[in-house]
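Asker: Sequence and predicted structure below; questions after.
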Amino acid sequence: MFDSCVDPKTLEGLAWLLCYLTTGKQFLFYMSFGTVLLLILVTAPVALAFGFGGALAARASFLPLRIFGRAYTAMVRGVPDILFFLFVPIAMDQGIELLRHKIKCPDWDQPIRQGADFVVCAAAKMPQSSSPQWVHEIYGFWLAVAAFAIVFGAFAANVLSGAMQAVPRAQLETAEAYGMSPRQVTRRVLIPQMWVYALPGLSNLWMILLKATPLLFLLGVEDIVYWARELGAQKSQAFEYPHPDWRVWYFLALLFFYLAMTKISETVLKRITARLSRGQATMAGEAMRKAAV
């Protein structure tokens, strides 16, 4: 904050607005955009890994593994996303605390479930009540990443499974005829070829993930939606910078942010699609060959 912003009541016009936009809470609002971007950049590869594992599990010859892969995909896709977004962080948090409780407090003689309460010893709490605020925020952030990854991983598994089936069978049979083992066929032919078929579905998932980031607000993470509601709400004279209800302006800023992210994503995904389609026996690859001629 500038030195001239010490007494906001003496300011007017642009000077007042400049001081208002450079307060500590406003900088937390600006930093929350980084939280959203970090969530996307971390969740996307983790969800893709979940999806890749689920797709391979659904094709496995080992029956229990195949059942697990198909059950994971069907169950998560068949349950409303909001339930998983609320259930996974709670379940993981209580699971971690229960494990720590068994290790750190073996002599505990009270029930852990006491009505609707989940009670563990103080040493098992995660994170500790004495931990700084940033530890609580990082812990909540990673619980949110787990929830997003599990949900979107199931959808990615379905997309990748369909992409694997779309790879022409003749290519796999040719690889087998050259003496490749099933694992070599999967690793050297199936997986490299499937990406061009999976990219349209994965692109849609990326857009859905981008639009789902406001759900961080429901998980207790102070994201852009939280700060837009907090800072935009009407402030009385009891506050340093009183103002009327400005939520419409804050949410308008979020609108432009998400539209910009969508445009950037479309441009990047278009280039990736063109790169993967080059030389492939697909409609996009055929169009590129004709354009080259």
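Answerer: Yes, it's here.
Asker: For the closest residue to Pro200 other than its chain neighbours, give its distance to Ser161.
Answerer: Nearest residue to Pro200, sequence neighbours excluded (Cβ to Cβ, 6 or more residues apart in numbering): Thr273, at 7.7 Å. Glycine gets a C-beta too; all of them are placed from N, C-alpha and C. Counting by Cβ to Cβ, to the nearest Å, the gap from Thr273 to Ser161 is 20 Å.
Asker: So those two - more neighbours on which side?
Answerer: Legend: neighbour count by other Cβ atoms under 10 Å for Thr273 and Ser161, higher for Ser161 (22 against 16).
Asker: The more buried one: what's it in contact with?
Answerer: Gly54, Ala55, Ala58, Arg59, Thr73 (Cβ atoms under 8 Å, 6 or more residues apart in numbering).
Asker: got the buried residues for the one helix or strand it maps to?
Answerer: Following DSSP states H and E, one finds Ser161 within helix 133-166. Neighbour-count burial for helix 133-166 flags 139-141, 143-161, 163-164 (criterion: 16 or more other Cβ atoms under 10 Å).
Asker: Tell me, how many residues neighbour Gly53?
Answerer: So Gly53, with other Cβ under 10 Å, has 16 neighbours.
Asker: which is the next helix or strand following the helix or strand it falls within?
Answerer: Per DSSP H and E, Gly53 falls inside helix 24-58. Sequence order places helix 63-78 as the next helix or strand after helix 24-58, per DSSP H and E.
Asker: Pull out the buried positions in that next one.
Answerer: Gly69, Arg70, Tyr72, Thr73, Val76.
Asker: And the contacts of stretch 209-222?
Answerer: 28, 32, 35-36, 39-40, 43-44, 47, 81-82, 85-86, 89, 137, 140-141, 143-144, 147-148, 152, 223-226, 258, 261-262, 265.
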